[in-house]
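A.B. asks: below are the sequence and a predicted model for it; my questions follow.
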Amino acid sequence: MDGVFSVFERVIDRSFMNSDKWSKYPEEVIPMWVADMDFDSPDCIKKALNQRVDEGVYGYTQTPNTLVKAIQSHLSSRYDWGVSAAHLVHLPGLVCALHLSVRIFSNEGDGVIVPGPVYYHLTKAPLTAKRQLISIDMQIQSGRWVPDMAQFEAACANPKSKMILLCNPHNPGGSVYTKAELLRIHALAQQYDLVVVSDEIHCDLILDEVPHVPFASLNQDAANRTITLMAPSKTFNTAGLGYAFAVIENPLLRQRFNQEKAGLIPSPNMLGMTAAIAAYENGQAWHQSLIRYLKNNRDFLASRIAKTPMKMAHLEATYLAWIDVSALSLEDPHAFFLAAGVGVSDGKDFGNPNYIRLNFGCPQSTLDQAMTRIEKALRQRGFI
């Protein structure tokens, strides 16, 4: 590894930090489940947080204009997407906004369309709100996970359907929807007058030379029917600081969203906003190095997986590998890997028990150790 990667190579002891990731399993297990990287935060974020803490007063805090401008600049420079300050809704997290959107823009019994397997809150949100979950199968085409468009069209034509929940880039499949794919989905949303909630929290974690196209940026109709959810947290590893944002251009949708969240969803965390400003204004160099490191980790992992009966489709984005373990014929894949000393995410939580999700957002030495444990367990069972 070159010197640029030294910050990502450092193994950090998180055992004393009350970390969700590192507290879930016994200490001898390497946790590779939740989307939380094991890297030190960028210096610009640590400096900004220290300066704010040193100010000593932590009262109710308005959204700084500097944050609005930083977001606008970020979306413009990376995605050529001009967003008005009035279209931004500042939030303490993305999951609460996802659940709230389902409850606002659909009624009990309505259909909510979700391509999957997918991050479990996209399916949990309709079910907990007593909506009808209309699942669309995703399948591998030309090495990428994409929705079955025949199923998609049939689901949109269902008179009960009122919403589409998208995850782009897709978690856990790692696909970045192309503009052509998004336009096909938009045409259906327009034809059947469906609201679209687009979870784009992984949009800054694209590992290949493919563009991310925000759904709402496709055209004016898409902008008018879309709630876009974004955050710096997955990219800059600041999930514990509590900041995300929505882009809602349609004033009627935005008004309803703001009315319903009042008193239910708190204001974003002051330190979360501080970190977001620092990340978007000064985190570019760290971000570029991160992408290079994650791409190297992805390729390292893929090379090791290829030597086993397991399979992994090419991952265009995220640090979350979606691994097919069906060839192992395991009764409980999650338990098998846990017994091997690696705590992965259970595929059944995302919609397919024949898969596991593995987080490779860690020093490559940790990834190597985890794969060595997995290979040993496979060897002991005669799989390799």
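C.D. replies: Yep, that arrived.
A.B. asks: for the stretch 201-350 of the chain, what spans make up the strands?
C.D. replies: 226-230, 244-247, 311-312, 320-324, 342-343, 345-346 (DSSP state E, counting those that start in this stretch).
A.B. asks: likewise the stretch 51-200 of the chain?
C.D. replies: Listed from the start of the chain, the stretch 51-200 of the chain has strands (DSSP E, counting those that start in this stretch) covering 88-91, 111-116, 132-141, 144-147, 161-167, 195-199.
A.B. asks: contacts for the longest one?
C.D. replies: Residues from elsewhere that reach strand 132-141, judged by Cβ atoms under 8 Å, 6 or more residues apart in numbering: 109-118, 123, 126-127, 145-148, 151-152, 155, 158, 160-161, 170, 173, 313, 351. (C-beta placed from N, C-alpha, C; glycine too.)
A.B. asks: mind doing that once more with 7 Å?
C.D. replies: 109-117, 123, 126-127, 145-148, 151-152, 155, 158, 160-161, 173, 313 (Cβ atoms under 7 Å, 6 or more residues apart in numbering).
A.B. asks: one step back: possible to save the strands of the stretch 201-350 of the chain as TSV with mean neighbour count, distance to residue 302 and mean pLDDT?
C.D. replies: Output for these, formatted as TSV (neighbours: other Cβ atoms under 10 Å; distance: least, Cβ to Cβ, whole Å; pLDDT from 0 to 100):
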stretch	mean neighbour count	distance to residue 302	mean pLDDT
strand 226-230	26	28	98
strand 244-247	25	30	98
strand 311-312	18	6	97
strand 320-324	23	8	98
strand 342-343	22	17	98
strand 345-346	21	18	98
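A.B. asks: among the ones you listed, which is nearest residue 381?
C.D. replies: Closest to residue 381 of the strands of the stretch 201-350 of the chain is strand 342-343 (Cβ to Cβ; 14.5 Å).
A.B. asks: where in the stretch 251-384 of the chain is pLDDT low?
C.D. replies: Within the stretch 251-384 of the chain, no stretch has pLDDT under 70.
A.B. asks: for residue 324, find the nearest of the strands of the stretch 51-200 of the chain.
C.D. replies: It's strand 132-141; of the strands of the stretch 51-200 of the chain, that one is closest to residue 324 (Cβ to Cβ) at 9.2 Å.
A.B. asks: quick one, the closest one and strand 161-167 angle?
C.D. replies: Relative orientation of strand 132-141 and strand 161-167, computed by axes from the mean of the first three to the mean of the last three Cα atoms, to 10 degrees: 40 degrees.
A.B. asks: buried residues in strand 132-141?
C.D. replies: Buried residues in strand 132-141, counted by 16 or more other Cβ atoms under 10 Å: 132-136, 138.
A.B. asks: show me what counts as buried in the longest helix along the chain.
C.D. replies: Assignment by DSSP state H gives helix 284-305 as the longest helix of the chain. Buried residues in helix 284-305, counted by 16+ other Cβ under 10 Å: 286-287, 289-291, 293-294, 296-298, 301-302, 304-305.
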